[in-house]
Every structure is written in C-alpha cells, then in structure tokens.
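J.: after the sequence you'll find the predicted model.
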Amino acid sequence: MKLRAFIGVCLVVPSTAFGEIELDEYDTSPLVISPTRLKQSQHDTPASVTRITKDVIRDLQINKLDEVLKYVAGMISANASGNQPRINYHGTSGLVPRRMQVLIDGVSVYRSGYAEVVWPTLPIAVDDIEVVEVTRSPSAAAYGTNSMMAVINIKTKDPLSVDRTEVRVTSGSQETRKFGISSGGEFSDNARYRFSINGFEDEGYDENFAGLDRHDGTRSILVNGKIDYVIDDDTRVDAFVGFSDVETELEFRDRNQTSFPDIDTKSVYAIGTLYQAFEPGDELKIKASYVTADQEVEWGQCYPTALFSDSLRALHLQNPDYAESLRNNTVPTGGSASDDQLRDQFLAEVATLGAAALEPWCGTTNENTMEGRYGVEAEFTSIVNDTLRYVIGGSAYRNWIESETFVNGKGSSNQFGLFGNAEMRFGRFVFNLGGMVEHEPSNLDDPAFSPRIGVNYRLTGNTSIRAVLSRSVRTPDILEYDRDWSYRLDSTDPYPLDGQTSKYFYFNSKSDGKIKSEEILAREISLFHSSSINLDRGKLLRSFDFKFFRNNLDNLVSEKLQFFDYNPTNDGEVRLTGFEFEADFKFENYFLPEYVEYVSAHMNYAYIDNDTDEFFETSLHADHSGAAYIIARAKAGYFGSLAYYGNSDIQGESADAYEFGLGRDFRFNTGTFTLKGKVVYRPDKVEEFTSSETFAVKNIYSDSTSFFITAEYRLK
C-alpha cells in the first residue's frame, strides 16, 4: 500500500471509540526520547525504537560496545579486522559506514575529518551504559547530518543511579583481558558524581588469509566521569568528561610497507549541559561540547628512489598525465613548455642516478591527524496543552582536522542547524511533524533541509499503527570535500641527488570540492503493540514491532576512495525494500516455578532487498539477519542466558554465533560477589570482509568455541 493512500484511510477512520478512556492507562511501553527529542511512548513516536538496557548488557555478558548492536533488528555488522567493526543499519557500503548517527549523552561521536565512528576509541565501556536507544529510521529531522539511516543514542549511567563501588575482571579466549573500577557518591546534598576506569585488551582474530598470525589486537584505557549539580528546584547542570588511550594493531596500509602501521589514538570528550525548567512543564536545555582525537599512525616503507624526485612531484601537481607517463617509462609530449621543462629535468635526474633510480629509498611515513569538533546546541521544549507540545532549537559547530598527509596543513568547516519537532493529538491520532535545516558554508552552496511527517493511529489501547515519510541527508565530510593527500618520507639515508633526508612522494590526490549531500527518501508503515497481563500469580509484559519500509538512497558516494584512485562522485543509487520484526517478553512469576524470579526474551528478524548497480553498496548487505536471546534469573542468585545472532551471506560468507552464559550472585554483609562465564560457538571459523572487487580480507579463528569468565564485586 502506498503511503499517501494509507494516510488517507487513517484520516477518515472515526475517532470516538475510546470515549472518555485515558489511552495512557493501556500503555506499558517505556518512554523514549531519541526519535524526536520529546519524551514519548513508543505508540506515539514517528520511528521504530530498540532499547537495550544495562541489565540485558550485564546478563548477556557483552564485552564490547559494538556487540550490543547485534541485537538490533536490521543492523548489519562485519569486521574488517578484530578491532575494526563495520556497522550500518540496513547495510549498504561497509568500507567506511557513515550513514548512521552515534551519540553519547546526546553528542555526536563521529570523527569530524573522517566522518566515521571508531568504536574501540570511544571513552566508555559497556559497564558505563544505562541504556542504548536505537532509532531505526532516518532521523536527520532531529539530529542532522549522518542521521541518514538511524540514530544510536548511548546514555551513560547517571550519578543518581551509582551509589557504590564496583570492581570487575574478565579473562577469556583471544587473550582477552578486561578490568573495570567504578564508583559514585555525593559531594553535598546538591551534587553527585560517578567515575569509572576501564582497561581492555585482546589479540583479535588468530590468522589471516595466508595462515599467519592476524595482527589486529587492541589495547585500551578508558576513563570517564559525570557530575550532576542541582542549583535549585528549576535549575541543574551536569557534565561528562571522558578520555581514551587506545592502540589498535593494523596489519596493512601500503604494499611496500616494512613495518606494521599500528594506530595510537588519544581522545578527549567534554560535555556540559544546563537544564532550566519553566512553568507549566517547559524546559530550556543548553549543551556545549568539545571532542578531539589525536591519532598517530607511522610505518616504514620503501619505494624506488626516482619517485621522490622534486621535479616529478612538481610535474604531477601541474600535469598528472605527464607524470604518470614518465612513471610508466613513456616520454610524454604535447604539454606546455613548463611541462616539457619539468619532464626534461626529471629525465636528467634519472640519468644521473643510473641504476640507483630503481633501487628502494626507505624511511618512515605517517597518517598522523588531529581532529576535533566543538560547539553549542540549545533546545526549548514546551507543553502547550494536552494536544500540542513541541521542541525547537539550533546548533553551531566547528569541525577541524590537522594533518600534513591528508589536508596539507589544516582543514575546517562550520556547521549550523535549526530544528523543530511537534507532536499533535487528535482523538486516536498523533501527528509528528519535524525538520532540520543545516548549512555548511564552506562545503555546500545551499542549506540542506530534512523534513519528516509521521501519523500514528491507536487501533486499541495497546496497539498502534504508524506511517512515516521522511527525507534525510548526509553532508560531505572534510576529507571528501577538501582532501589534499600526500606522503612525506623521513629517512636516515640522504637522498642521492640533494642529500635531504625528508622528501615527498611524487603522487598527490586532491578532492575537486564538488561533492553534494547524500540523500534518502524513506517510507515506512509499522504496527506496534505493548501490553501487560497482571494476575495474582504474576505478570507478563510483551511488545512487538513489525515494520515495512521502502527507502530510496541517491547521490551516494559509493566509490572506494584510495590514494592512487581518489575520485568521489555522487553517482551511487540504492533502493532498499523489506520488513523488520522485533518482539520482547518478560515473565515475572507468570507460569514460572516458584524459585524463578523472571524470564525475559527477545527476538528480531529483518529481510532487506538491495537494488543497486554499485558493487560497494552491497559490501555490507545481507538479505536476512536476526537475533534472539532468553535470560532467566532465579531467586537464589543464579542466572543464565542463551543467545543467537547472525545473517545470511554477505558477499558469499555468512556469520552466525551462539552464546551460552551462566552465573551466580553471592551476597555478603559487605556487598555482592558475582562469578559468571560465557561460551561463544561459531560454526564457521572463517569470516570475510570485502575490501575490493577482487579481494576479501579473511579473519580466521583457530577454534570455533571461545570462553570468557568474569568476576565482579560490588560494595553495599
């Protein structure tokens, strides 16, 4: 059914069947804030939402942030290596997934230059998370660029919920070692705090495609803290500060490398928020943030001596075709007098070097970068009456990157946005209207507008149907729009012709500055149900969400952007059609043995049809994907879990895993000691990641089964 036809049918349905009954008394779904920035029941949101709470993360014994998302319908993940997860909602390109927004406490953690999320370098561990809300729909109307496909909002634990000290230690397969210390308390009656220190290391996969040790381990130290200060009954402030120091091993960067190009990243995150309440229930929120990432990537390499000629580099910058002809042992003609002069200079240098021209000149090169983002955002929420409430706001950010390699110095962009979302109620109907206008004067000629309209209709007190039409964009990042890419080699051996020990490689890649924003037009229809069955002997909570979607993605930058072939265009197109299903159940003494406290279960499935002619837009695509888990807790302190997640073939290889967890809480007068373990079984020990049309990276486990054990102690 087309969306316009569906909305038309809804508009003529009578709205009097509920009479004077309050709809909210039927609503057992938790309130969510991510889709519109308004606190809403999931019956009223213009998007499907998945919530993964700290209890689920704890009971499933999840060790890494990216593993949380395996339990989200439609979320596709693969691994370029053990420390390079590639995750995107509904798949498409897996090279650098960048069409999905990721927030920590409402602030984007996308790297400003690369426009990507580097999951291992985020300053929080899974034990710092209160809840993860995933808005499974384009949401640029609320959060702007990069929110093209979905929004992942990671909410960290509030100081009010942390009132004791915890110590955690984990050890397991792949030489995994993990520790964590967290604590919280109060400075005064008005001020509370929490902090945590976490360490993590593992060795990644065991083997590469050649049967050698896979060089893809991770070493990290993550520190973060949060302060909440209540000024008076109407005013409070909170602040989040995080720091990460992470080394991620990297196996390959250059075909002539002589050492591994390991990455050392130090990141700083600072977020401050002021909340001011007004009568009757209105609120102003002002958020300031500062995020930086200092990345060092250095390795040894060797190339033929002649390729570091100043004359050849000058010729390449002036006439790339002339330079490439010379490199291919052809003498070019037909250029300008200046071209011919540089050609002759280079040929003279080659004659002087003789056989040494082809001998390697070796040294170290780098891809060191410092990038950051700072700015301010304000939003005002107002409850006008029982039928209308809205949020409006604006933001101003500055993105910057410093890199001799990528931008020949420094690149930057200013980003401005105005947004608004309104919820209007008419009987059984809820209308959500929203949009955001964004402008980046340095990158785009015109502002980008991302609108959204959603219509929700209550079929019964606990069942609703929604239809949503939205348009979202992803604006180009700094390196797509303004890249000036060159490598400088530092050597201990003087260059034979001029004695210099630091010289540029002759080749240079530049952006032409003509990239436009990527776009998506999304049409969705979904059915949501949430209910509670209460009996004397217990309670059953249940919910399910069934969604059909048809998304048109246009102006996509689908090329693999490489040093020797850097040619971004907006020629890519994708049509995504399919459906998703999520269901959650929680049994509390409902048809359970007396010794069982509760049993919770989750399942999801997604079918996605990807219609495109672009090879790389299928590199993270799977027709079928899904996950399921069941968690049980006994009153004696025992708990256990069973879980599955996987997908059908991605470029010919599937990925499935089964997990079994078991543990027990031992309670003492001074606190609680928990001992738990998890077994992960992967039927296929080989996982592949598509890196080009002719080559797929192979990630290989030596054993199909992995083991992890964790000990925790929580003071009272």
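T.: Okay, I see it.

J.: what is the burial count for the nearest residue to D554 once chain neighbours are set aside?
T.: The shortest distance from D554 to any residue other than its chain neighbours is 5.0 Å, reached at E519 (Cβ to Cβ, 6 or more residues apart in numbering). Any C-beta I mention is one placed from the backbone N, CA and C, and that applies to glycine too. Other residues near E519 number 20, with proximity taken as other Cβ atoms under 10 Å.

J.: just the element for E519, please.
T.: Using DSSP states H and E, E519 sits within strand 518-535.

J.: in what helix or strand does the residue lying closest to S395 once chain neighbours are set aside lie?
T.: Nearest residue to S395, sequence neighbours excluded (Cβ to Cβ, 6+ apart): E377, at 4.0 Å. Secondary structure here is read from DSSP H and E; on that basis E377 sits in strand 369-385.

J.: dump the C-alpha coordinates for that strand into PDB.
T.: Taking C-alpha atoms only, strand 369-385 is exported to PDB below (Å, rounded to 0.1, in the frame of the first residue of the first chain):
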ATOM      1  CA  THR A 369      46.000  13.500  12.300                       C
ATOM      2  CA  MET A 370      44.500  15.800  15.000                       C
ATOM      3  CA  GLU A 371      40.800  16.300  14.500                       C
ATOM      4  CA  GLY A 372      38.000  17.800  16.600                       C
ATOM      5  CA  ARG A 373      34.600  19.400  17.000                       C
ATOM      6  CA  TYR A 374      33.300  22.000  19.400                       C
ATOM      7  CA  GLY A 375      30.100  23.900  19.600                       C
ATOM      8  CA  VAL A 376      26.900  24.600  21.300                       C
ATOM      9  CA  GLU A 377      23.300  23.500  21.000                       C
ATOM     10  CA  ALA A 378      20.100  24.800  22.500                       C
ATOM     11  CA  GLU A 379      16.700  23.400  22.600                       C
ATOM     12  CA  PHE A 380      13.400  24.500  24.100                       C
ATOM     13  CA  THR A 381      10.600  22.100  24.900                       C
ATOM     14  CA  SER A 382       7.100  23.400  25.500                       C
ATOM     15  CA  ILE A 383       3.800  21.700  26.600                       C
ATOM     16  CA  VAL A 384       1.200  24.000  25.100                       C
ATOM     17  CA  ASN A 385      -1.800  21.900  26.200                       C
END
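
J.: those strands in the stretch 201-350 of the chain, which residues are they?
T.: Here the stretch 201-350 of the chain has its strands, by DSSP state E, counting those that start in this stretch, at 218-232, 235-248, 263-278, 282-304.

J.: next one: the stretch 601-716 of the chain
T.: Taking DSSP E, counting those that start in this stretch to define them, one finds strands in the stretch 601-716 of the chain at 624-634, 638-650, 653-667, 671-681, 686-690, 696-700, 705-715.

J.: nearest to Y303, out of those?
T.: strand 696-700 (23.9 Å; Cβ to Cβ).

J.: chain center to the closest one: distance?
T.: 22 Å (Cα atoms, centre = their mean, to the nearest Å).

J.: quick one, what contacts W400?
T.: Remark: with contacts taken as Cβ atoms under 8 Å, 6 or more residues apart in numbering, W400 is in contact with 112-113, 371-373, 410-413, 478.

J.: 10 Å instead?
T.: 112-113, 292, 370-374, 407, 410-414, 478 (Cβ atoms under 10 Å, 6 or more residues apart in numbering).

J.: likewise N647?
T.: N647 sits next to 70, 75-78, 91, 606, 608, 620-627, 653-656 when contact means Cβ under 10 Å, 6+ apart.

J.: again, 8 Å this time
T.: When contacts are counted by Cβ under 8 Å, 6+ apart, N647 touches 76, 622, 624-626, 654-656.

J.: would you mind putting those into CSV with pLDDT, neighbour count and distance to C362 alongside?
T.: Shown next, in CSV, are these (pLDDT from 0 to 100; neighbours: other Cβ atoms under 10 Å; distance: Cβ to Cβ, whole Å):
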residue, pLDDT, neighbour count, distance to C362
I76, 92, 25, 41
A622, 92, 25, 43
H624, 95, 14, 49
S625, 95, 28, 46
G626, 96, 22, 50
S654, 74, 16, 42
A655, 82, 23, 39
D656, 91, 14, 44
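
J.: picking up where we left off before, list the beta-bridge partners for the residue nearest to D554.
T.: E519 has the following beta-bridge partners by DSSP bridges: V473, D554.

J.: hmm, back to that, nearest to F260, of the strands of the stretch 601-716 of the chain?
T.: Distances from F260 to each of the strands of the stretch 601-716 of the chain were compared by Cβ to Cβ, and the smallest falls on strand 696-700, at 15.2 Å.

J.: ok, residues contacting that closest one?
T.: Applying Cβ under 8 Å, 6+ apart, the set of residues contacting strand 696-700 from outside is 79-82, 204-209, 214, 216, 651-653, 685-691.

J.: what angle sits between it and strand 638-650?
T.: Calculated by axes from the mean of the first three to the mean of the last three Cα atoms, to 10 degrees, strand 696-700 forms an angle of 150 degrees with strand 638-650.

J.: number of residues surrounding S442?
T.: S442, neighbours per other Cβ under 10 Å, totals 15.

J.: can you tell me the closest non-neighbouring residue to it?
T.: If you skip the residues right next to it in sequence, S442 has S413 as its closest partner in space, 4.7 Å away by Cβ to Cβ, 6+ apart.

J.: the strand or helix carrying the one you found - what's its average pLDDT?
T.: Taking DSSP H and E as the criterion, the element that holds S413 is strand 409-426. Confidence over strand 409-426, taken as the mean pLDDT, stands at 94.

J.: repeat for stretch 118-138
T.: Per-residue confidence for stretch 118-138 averages out to 95 on the pLDDT scale.

J.: ditto for stretch 42-55
T.: Averaging pLDDT along stretch 42-55 yields 95.

J.: just stretch 554-562 next, same as before
T.: Per-residue pLDDT values over stretch 554-562 give a mean of 92.

J.: now F666: how far from Q61?
T.: Distance of F666 to Q61, given as Cβ to Cβ, to the nearest Å: 17 Å.

J.: between those two, which is the more surrounded one?
T.: When F666 is set against Q61 and neighbours are counted by other Cβ under 10 Å, the residue ahead is Q61, at 23 against 11.

J.: so who does the closest residue in space to L69 that isn't next to it in sequence touch?
T.: Counting by Cβ to Cβ, 6+ apart, M75 is the residue found nearest to L69 once chain neighbours are left out, at 4.9 Å. Under the criterion of Cβ under 8 Å, 6+ apart, the contact partners of M75 comprise 69, 87-89, 134, 150, 625.

J.: how does it look with 7 Å?
T.: 69, 87, 89 (Cβ atoms under 7 Å, 6 or more residues apart in numbering).

J.: re the thing from before, of the contacts of N647, closest to T53?
T.: Distances from T53 to the contacts of N647, taken by Cβ to Cβ, are shortest for G626, at 20.2 Å.

J.: and S93, which of the three is it?
T.: Under DSSP: H, G, I helix; E, B strand; the rest coil, S93 falls in the coil class.

J.: need the contact list for it.
T.: Under the criterion of Cβ under 7 Å, 6+ apart, the contact partners of S93 comprise 558, 616-617, 619-620.
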